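Visitor: Sequence and predicted structure below; questions after.
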Amino acid sequence: MPVTNRIADYAEDMTAWRRHLHQHPELQFDCHETAAFVAERLREFGVDELHEGIAQSGLVAIINGQGEGPTIGLRADMDALPMEETSGADWASTVQGKMHACGHDGHTTMLLGAARYLAETRKFAGRVALIFQPAEEGGGGAGVMVEEGIMDQFDIAQVYALHNAPGFKEGAFYTTPGPIMAAVDTFEIHIKGEGGHGAMPHETRDPIVAAVGMVQAIQTIVSRNHYALDDLVVSVTQIHTGSADNIIPEAAYICGTVRTFDKAVQDMVMDRMAAIVDGQAAAYGVSAELDYQVGYPATVNDATKAAFAADVAKEVVGEGNVIPEAGREMGAEDFAYMLEKRPGAYLFIGQGDSAGLHHPSYDFNDEIAPVGASFFAQLVERAQPLEQ
């Protein structure tokens, strides 16, 4: 697999870094030990500036190139997931209830590998801003870093990120111009009825039948309220109620997720869901409250930057190993906040055959770390070349 020769020399070190991070996962914004490990490596590499404590535990490191030029941003996420690991690896998580099940340990390692090479060679103009962010998994750490001013403070002109892709060819890349990942919203419905004896339902206002009615009606939003060619997912993922076979409960709870790309579609879902909850509550004689939480926006690649990044990937792994227009998918990613502020692109790098993301036996493939690092390094050198 073609990688930059100097980065290939780091492969053993990168594996060691990644496995250390895998053994010590941290959640959300509490990535302080991870950040300290990253900061120690960056100081060893000789970065020119190191800014810590952004979004609580995020970092931005600056590497100066040779001569004047713009600043290009490269981002990696650092946080893990709240779940038990079952991979059986010698480097499995040592922290109960936490594991790197999404490969953020590998993303951090790839960016560290690129940082080491770029600090050593500096074969580019302008500057590189290396962004290590916490809280991608639900906390919106990228958005917090943007709110705290990193794009303006470090004068970042364009920004890029990578994510591993289980089941896709090892070391291959794919991306797409325009929207690549969906906006993600969460809805919660709290239903209040009047409980009682299961043998005397006429004396109750049953929240269970109301919940069932709401869930069934919510499914019609996709099937009957939106244009079939617009991407939309509405999934009910939780229903909680009841405690015994002969008790009609007092309350019920419904929860789910909505995935969209178009703001008008998102607005339609919000309006229809509110109407359904109110109407079904009235029909069944209960009260109900909808809590609709707007989450990460859609991740939208700049078309020109996505094409450029795909061309760089072809230089690293060959044209046959890059899909530049792979289409979009319904997962979500808080890198969207960075792409709202600056043009750039989000790409996937193939993990090969492995357990899927967020699976308890998942483990990042260390073989692809030098490939991702080479991509980042080549991206900088191509985007901001030295004058000949």
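Guide: Noted; the coordinates are in hand. Remember, predicted model here, so these are calculated numbers, not experimental data. Numbers count the residues shown, from 1 in each chain.
Visitor: so what does the longest helix along the chain touch, helix or strand wise?
Guide: If you go by DSSP state H, the chain has its longest helix at helix 263-284. When contacts are defined as 3 or more CB pairs under 8 Å, 6 or more residues apart in numbering; DSSP states H and E, helix 263-284 packs onto strand 183-192, helix 207-224, strand 232-241, strand 251-260, strand 287-294. Glycine gets a C-beta too; all of them are placed from N, C-alpha and C.
Visitor: Using PDB, write down the CA coordinates of the third one.
Guide: Coordinates of the C-alpha atoms in strand 232-241 are reproduced here as PDB (Å, rounded to 0.1, in the frame of the first residue of the first chain):
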ATOM      1  CA  LEU A 232     -35.500  11.200   5.200                       C
ATOM      2  CA  VAL A 233     -35.300   8.800   8.100                       C
ATOM      3  CA  VAL A 234     -37.600   8.900  11.100                       C
ATOM      4  CA  SER A 235     -37.000   6.000  13.500                       C
ATOM      5  CA  VAL A 236     -38.600   5.400  16.900                       C
ATOM      6  CA  THR A 237     -35.900   3.700  18.900                       C
ATOM      7  CA  GLN A 238     -37.200   3.600  22.500                       C
ATOM      8  CA  ILE A 239     -40.600   3.000  24.200                       C
ATOM      9  CA  HIS A 240     -40.600   2.700  28.000                       C
ATOM     10  CA  THR A 241     -43.600   2.100  30.100                       C
END
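Visitor: Please list the outside residues in contact with the helix or strand following that strand.
Guide: Next helix or strand after strand 232-241 toward the C-terminus (DSSP states H and E): strand 247-248. By CB atoms under 8 Å, 6 or more residues apart in numbering, the residues outside strand 247-248 that reach it are 193, 195-198, 201, 204, 206, 208.
Visitor: Now, of these, which are buried?
Guide: Among the contacts of strand 247-248, the ones that count as buried by 16 or more other CB atoms under 10 Å are 193, 195-196, 204, 206, 208.
Visitor: Give me the nearest residue to Glu250, chain neighbours excluded.
Guide: Nearest non-adjacent residue to Glu250, counting by CB to CB, 6 or more residues apart in numbering: Gly195, 3.9 Å away.
Visitor: can you check Ala182 too?
Guide: Nearest to Ala182 is Arg259, by CB to CB, 6+ apart, at 4.0 Å.
Visitor: In terms of pLDDT, where does that neighbour sit?
Guide: Listed pLDDT for Arg259 reads 96.
Visitor: ok now do it, which residues does it touch?
Guide: Per CB under 8 Å, 6+ apart, neighbours of Arg259: 182-185, 231-233, 330, 332.
Visitor: Closest to Arg41 out of the residues you listed?
Guide: Checking the contacts of Arg259 against Arg41 with CB to CB, the nearest one is Ala332 at 29.3 Å.
Visitor: what packs against the one helix or strand Tyr337 maps to?
Guide: Tyr337 belongs to helix 336-341 when elements are defined using DSSP H and E. On a contact count with 3+ CB pairs under 8 Å, 6+ apart, helix 336-341 meets helix 141-147, strand 156-166, strand 299-301, strand 344-352.
Visitor: Identify whichever of these lies nearest to Gly106.
Guide: strand 156-166 (5.8 Å).
Visitor: what angle do that closest one and strand 344-352 make?
Guide: Inter-element angle recorded for strand 156-166 and strand 344-352: 20 degrees (by axes from the mean of the first three to the mean of the last three CA atoms, to 10 degrees).
Visitor: in its sheet, what does strand 156-166 sit against?
Guide: Sheet pairing of strand 156-166 (DSSP bridges) gives strand 71-77 (parallel), strand 344-352 (parallel).
Visitor: how near is the nearest residue to Leu81 once chain neighbours are set aside to Phe364?
Guide: Spatial nearest neighbour of Leu81, chain neighbours left out: Ala101 (4.6 Å); criterion: CB to CB, 6+ apart. Distance of Ala101 to Phe364, computed by CB to CB, to the nearest Å: 10 Å.
Visitor: One more: Gln158?
Guide: 26 Å.
Visitor: Could you check which of these two is surrounded by more residues?
Guide: For Gln158 versus Phe364, neighbours defined as other CB atoms under 10 Å are more numerous around Phe364 (25 against 22).
Visitor: centroid residue for the protein?
Guide: Closest to where the C-alpha atoms of the chain average out (CA atoms, centre = their mean) is Glu333, at 3.4 Å.
Visitor: for it, helix, strand, or coil?
Guide: coil (DSSP: H, G, I helix; E, B strand; the rest coil).
Visitor: where does it fall, phi/psi-wise?
Guide: Main-chain torsions, Glu333, degrees, to the nearest 10: phi -160, psi 130.
Visitor: Might one say that it is in contact with Ala183?
Guide: No - with contact defined as CB atoms under 8 Å, Glu333 and Ala183 do not form a contacting pair (10.2 Å).
Visitor: overlap in contacts of these two?
Guide: Counting by CB under 8 Å, 6+ apart, the contacts common to Glu333 and Ala183 are Tyr296.
Visitor: Could you export the helix or strand encompassing Ser374 as PDB, CA atoms only?
Guide: Assessed by DSSP H and E, Ser374 sits inside helix 369-383. Presented in PDB, the C-alpha positions along helix 369-383 are these (Å, rounded to 0.1, in the frame of the first residue of the first chain):
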ATOM      1  CA  ALA A 369      -2.900   4.700   9.900                       C
ATOM      2  CA  PRO A 370       0.200   5.500   7.700                       C
ATOM      3  CA  VAL A 371      -2.100   5.700   4.700                       C
ATOM      4  CA  GLY A 372      -4.300   8.300   6.400                       C
ATOM      5  CA  ALA A 373      -1.300  10.200   7.700                       C
ATOM      6  CA  SER A 374       0.200  10.200   4.200                       C
ATOM      7  CA  PHE A 375      -3.000  11.600   2.800                       C
ATOM      8  CA  PHE A 376      -3.100  14.400   5.300                       C
ATOM      9  CA  ALA A 377       0.600  15.300   4.600                       C
ATOM     10  CA  GLN A 378       0.200  15.200   0.800                       C
ATOM     11  CA  LEU A 379      -3.000  17.300   1.100                       C
ATOM     12  CA  VAL A 380      -1.100  20.000   2.800                       C
ATOM     13  CA  GLU A 381       1.800  19.900   0.400                       C
ATOM     14  CA  ARG A 382      -0.600  20.000  -2.600                       C
ATOM     15  CA  ALA A 383      -2.900  22.700  -1.200                       C
END
